[in-house]
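*Asks:* my questions are about this predicted structure, shown below with the sequence.
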Amino acid sequence: MPILKLTIDKLIYEVQCKKGEEGLLKNAEDLINSKIEENKHLESLSQSKKFLMVALFLAAELNSLKEKTGNDLIFDEILNELNLLEKVIEKND
């Protein structure tokens, strides 16, 4: 299994993933960093609270999209990836 280095909020995390998941995780890395950048008020929070807030923002957006499209399979994949990232963050926090 490949080891992927992700930089989230200027911190480097090494994540083990299945072959072929690298692009998905890099996209998630970009999304998380953009949410942190968009929400400057998060800067004063601890790293774990900052990640919690970003997870809540993303979950709210996901729920909104899910209601609009009803395509549960795609959203289940996204939720699985968010759970994977949450485990990595908890492990490194």
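*Replies:* That came through, no problem. Values in this document were obtained by computation on a predicted structure and should not be read as measured data.
*Asks:* give me the low-pLDDT residue ranges for the chain?
*Replies:* Across the chain, residues meeting the criterion (pLDDT under 70) sit at 68-73, 93.
*Asks:* one more time with 80, if that's ok
*Replies:* Counting by pLDDT under 80, the ranges of the chain that qualify are 65-77, 90-93.
*Asks:* helices of that one, start to end?
*Replies:* 22-38, 47-69, 72-92 (DSSP state H).
*Asks:* outside of the first one, which residues touch it?
*Replies:* By that I understand helix 22-38. Outside of helix 22-38, the residues that reach it under the criterion Cβ atoms under 8 Å, 6 or more residues apart in numbering are 2, 4, 6-9, 15, 17, 42, 50-51, 54, 57-58, 81-82, 84-85. Where C-beta positions appear, they are placed from N, C-alpha and C, glycine not excepted.
*Asks:* that helix vs helix 72-92, what angle?
*Replies:* Here helix 22-38 points in a direction 70 degrees away from that of helix 72-92 (axes from the mean of the first three to the mean of the last three Cα atoms, to 10 degrees).
*Asks:* make 48 the first number, not 1, from now on.
*Replies:* Sure, I'll start numbering at 48, so the last one becomes helix 69-85.
*Asks:* list the buried residues for helix 69-85?
*Replies:* Residues of helix 69-85 classed as buried under the neighbour-count rule (16 or more other Cβ atoms under 10 Å) are 72, 75-76, 78-80, 82-83.
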